[in-house]
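S.K.: Sequence and computational prediction follow.
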Amino acid sequence: MDRRLFQRVRLRPPMIALAIVVFFFVGCGQGEKVERPEPVVHPIPQDALVVDFPAGVFGGHITETVAGDIGTLNPLINESVGGSVVIGRILDSLTTLDSETGEVIPNLAKSWDISEDNLEYTFHLRKGVHWSDGHPFTAEDVVFTWQTFFAKKRDPDTGAVLTGEDGRPLYRYNSRATFGQQINGQEPTFEKLDDYTVRFTTPEVYAPFLLFGGGVDILPKHILGEAYGDGTLLDQWSVETAINEPWKIVGLNMFVLEAYRAGERMVFGRNPNYWKVNLEGQRLPYVDRIITKIVQDANSSNVAFAQGLTDFESIGPDNVAWVRRGAERFDYTVLDMGPSSTTNFVWFNLNPGENSEGKPFVPPYKLEWFSDKRFRQAVSYGINREGIIRGVFFNRADILHGYVSPKRKFWYNDAIRKYSYAPEKSRALFEEMGFEYRGGVLFDREGRQVEFSLMTNSNNGLRVEMATVFKENMATLGIEVELQFLDFNTIVTKISDSFDYEACMLGLGGGAPDPYAGKDILMSGGRMHFWHPQQTTPATQWEARIDQLMLEVGRHTDVELRKKYFNEVQVILAEQQPLIFLVSAKDFVGYQNRWQNIQPSALGGLTWNLESLWPEVNE
Amino acid sequence: MIAFIFRRLLTLIPLLLAITMLVFILMSLAPGDFLTPVKAQRDVPAELIQAIETEFGLDRPWYVQYYKWLGNVLQGNLGHSWAYKLPVSDLIGQRLWATFLLSLSAFVFSWIIAIPLGVLAAVYKDSIFDRVSAGLAYTALSIPEFFLALLLVFFAAQTGLFPLGGATSIDYDYLSFGGQVLDRAHHLILPTLALGIGSIASIMRIMRANFLDTIRAGFVATARAKGLRERVVMFKHVLRNAINPLISAFGFTFSGLLSGALMVEIVLQYPGLGQLMYQSILREDQFVVLASVMLGCIMLVVGNLLADVLLAWSDPRIRLENKK
């Protein structure tokens, strides 16, 4: 080795370092840049949808944040919130929901007919609509989208459909839709009648089809058809595509992805072929761009809004007080949107089974308490929900009486049994069960002290506080509750696999606005039938009744009839209290005051009419 | 030398085997798996969960999964990320640049500042400068990196002088090349400070101690006796001899680049490998975690190797070969 050479080099480490730094900048700055192909812009389609908002001024951009990074842009496999936001801006569906009334309204389908027997749905597509790259949108795309859901794995030699151990066919592309769009285990069929007409046939009467089937994001056949053929469909539209060739992700919605930087942000540009126009016949949307920053932490995101750095923001109940303080200085508005669609509840483990070692999941004497509806009712009467709202949420929550949040006005049944805070009613119920108080402590008929453990996830601060209030409330009733704050994954394993717990407090987010979407929770065979999931036959009479009613809810298309059945479901749930509902936090949103055409709605939030929003420029 | 390097690299094989096996066992012991959060969502069909479980092999015991994974790795396939549906190597490639840039700038920043400071503190031993710099160094050493990062976030939010997280500005893609370099540099300042300040303190203290040791060496007395100017004695003779131990420290710094950046990246929302690793661990995205752990392990071994080789190269007294 030439030592002198090394010494010469050693004398100048800063220079080498500098050279390397510059090299890295170059490395980062210049990916292989492929020119974005210029999309073909077509005239406004003959069936364009006219949006009923006062005409505004074109230009400007929106800056906003999203909570999580995207995992993929492929709607077939997306599981992340960030991904849904992005996909929801790019892709569109045949039908959508009215953000005011919650009704199913036309979208890419301008109208539809339903046959007499309620089995056939014929959708009439808007004519003259084009994908963002200029390719015409036709019935072919709709049929293609549904083909991807139900394509079967076939034997390469014989062409026969391969089946799994249970005799059911194996699918080529397992997605949520593959199983979620089946109706009691059967696939709907679909056919193209002409370029602008598609007909679906459901195997039995299935009320939510317009919403669930119509709400499917339509995929472009001219882009994904090849991948569908060669088996790589689920690998398409990955983050790699989003980074290097975002223009390959074409859609029918108002925006297209212009750029994506992993972990940092996405930039959306206007879809030049969008099919909605304003009252003056100008093609929407108004804004040129949306810049969506990925900010993992909700508090940092709220800070950015409160400093005027972002335009729209959803604000947590624990942050709203200080965010409001800056409203005047930075010229923004904070709105109380009322109860959110998230629910918080407690339930007891009613699973009578035993583990592989023959040990019961719940000690038999405790299971006997929990299975008595009077016990659950007594606990429900003993919870001070107002206290939770005041103490935990600082009045930024509402009491939740039953399964349906009052936000879903259409399905909400107010005529159910309600459990206002009344410890004396709890005591009366316990005494009716033969329990007795000795020195303020509750004992059951056999003289065993009444106590149980309640678990909830430790990473949700509000829930931990609610559990603490619950413990105090139960202490007032003479019941000792042992709190267990566990990791979320541990809880999910306990409630879905090992079942070794006594009581649990959790929450559920929105879900689709049709009551049938709750079938996995409400029906006794459901995977999310928290208190005793996946029963082969209903364990109790009232569960059997709910099963029946839910089948009817799914089977009828007459809305009043469906409502009647679902009202009864709510009545039974309130009487039996398998899920003891607590409170629902309120939603708060904020927006900078320069935005025009803002018309917040309980269901659609602030940006449901994104295409009509435009910023006033103040000089 | 070549034989020595070869031998060192050979030890990597059992090390990697043991570490990846440990990760597999730990991840199988941890409650839940990648699909657990999916199971907690209300509208995911049970059949889909089952289908994915079979597809990922999550229904098999850990040693079967490990065996399959090992087979794939030997064929050069690190597996697919479940969360991103991408080959792990592509995913890590996306983020590696950003982390490397950050580590490098923190490294350059700390060395450029620490070495002169250390030398000055030694030359002017026991002066006010030495005392103050020692005090500051102990303070810097005792502040955890993540806390420093939090303070910097607060500073940035209060003053608005620096961007709050990210590696590039919104208009980055529309900037000229010079503008892009400046923009990246602007975003690098805070993470660099957070990552670099701690090591400035430690490198400076090492440098000072080495320098003081060397000043007392016989050859310094000789040089002074020859009548050389003090400046020449210090910077030509003493400095060159005192810097040797720092060369081995360089190797260790290299091995710590990846792990050190993790905390800072998370707090300062810098989109690098550390952030990816952290999210993968939370999500139990197994193959990404494994690849990251392997990368960290390889960097540790290579860093140590680099230190040994550099030292042998610069110091003629050290021989790596076995003496005959």
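M.R.: Great, that's in hand.

S.K.: What parts of the stretch 351-500 of chain A come near chain B?
M.R.: With Cβ under 8 Å from any Cβ of the partner chain as the criterion, the stretch 351-500 of chain A meets chain B at residues A:487, A:488, A:489, A:490, A:492, A:493, A:496. C-beta coordinates here come from the backbone N, C-alpha and C atoms, glycine included.

S.K.: Excluding chain neighbours, what is closest to the first one?
M.R.: To tie it back to what came earlier, the one meant is residue A:487. Distances taken as Cβ to Cβ, 6 or more residues apart in numbering or on different chains place residue B:31 nearest to residue A:487, at 6.1 Å, with adjacent residues excluded.

S.K.: Tell me who's in contact with the one you found.
M.R.: Counting by Cβ atoms under 8 Å, 6 or more residues apart in numbering or on different chains, residue B:31 touches A:487, A:489, A:490, A:493.

S.K.: doesn't residue A:460 make contact with the first one?
M.R.: No. Under the criterion of Cβ atoms under 8 Å, residue A:487 is not in contact with residue A:460, lying 11.4 Å apart.

S.K.: Just the element for residue 122, please.
M.R.: This is for chain A. Element membership for residue A:122, per DSSP states H and E: strand A:120-125.

S.K.: you looked at the wrong chain, it should be chain B
M.R.: Short version: residue B:122 belongs to helix B:88-123, going by DSSP H and E.

S.K.: Buried ones in that helix, by neighbour count?
M.R.: B:88, B:90-92, B:94-115, B:117-123 (16 or more other Cβ atoms under 10 Å in any protein chain shown).

S.K.: burial of the nearest residue to residue A:513 once chain neighbours are set aside, as a residue count?
M.R.: Among residues not flanking residue A:513 along the chain, residue A:102 sits closest, at 5.5 Å (Cβ to Cβ, 6+ apart). Residue A:102 has 20 neighbours, counted by other Cβ atoms under 10 Å in any protein chain shown.

S.K.: Show me what from the stretch 51-200 of chain B comes close to chain A.
M.R.: Contacts of the stretch 51-200 of chain B with chain A, taken as Cβ under 8 Å from any Cβ, map to B:51-52, B:55, B:83-86, B:90-91, B:94-95, B:97-98, B:100-101, B:104-105, B:107-108, B:111-112, B:157, B:164-168, B:170, B:173, B:177, B:180-181, B:184.

S.K.: What about the closest residue to chain B within the stretch 451-600 of chain A, how many residues nearby?
M.R.: Chain B sits closest to residue A:489 of the stretch 451-600 of chain A, with a gap of 2.9 Å, by Cβ to the nearest Cβ. Residue A:489 is flanked by 22 other residues according to other Cβ under 10 Å.

S.K.: cool, the one 10 residues further on as well?
M.R.: A count of nearby residues for residue A:499, using other Cβ under 10 Å, gives 18.

S.K.: what's the distance between it and residue B:30?
M.R.: Using Cβ to Cβ, to the nearest Å, residue A:499 is found at 20 Å from residue B:30.

S.K.: before we move on, what about residue B:164?
M.R.: According to Cβ to Cβ, residue B:164 and residue B:30 sit 32 Å apart.

S.K.: Check the secondary structure at the closest residue to chain A within the stretch 1-150 of chain B for me.
M.R.: Across the stretch 1-150 of chain B, no residue is closer to chain A than residue B:32, which sits at 2.9 Å (Cβ to the nearest Cβ). At residue B:32 the chain is in coil, as set by DSSP: H, G, I helix; E, B strand; the rest coil.

S.K.: ok, now residue A:147?
M.R.: Recorded secondary structure, residue A:147: helix (three-state DSSP).

S.K.: ok, now which ones touch residue A:493?
M.R.: B:31, B:32, B:36.

S.K.: Looking at those residues, which is nearest residue A:450?
M.R.: Taking Cβ to Cβ as the measure, residue A:450 sits nearest to residue B:31 out of the contacts of residue A:493, at 29.1 Å.

S.K.: quick one, phi psi at the closest one?
M.R.: Per-residue torsions, residue B:31: phi -60, psi 140 (degrees, to the nearest 10).

S.K.: go on, residue A:486?
M.R.: Per-residue torsions, residue A:486: phi -120, psi 170 (degrees, to the nearest 10).

S.K.: who's it bridged to?
M.R.: Beta-bridge pairing for residue A:486 (DSSP bridges): residue A:457.

S.K.: which residues does it contact?
M.R.: A:455, A:456, A:457, A:458, A:494 are the contacts of residue A:486 under Cβ under 8 Å, 6+ apart.
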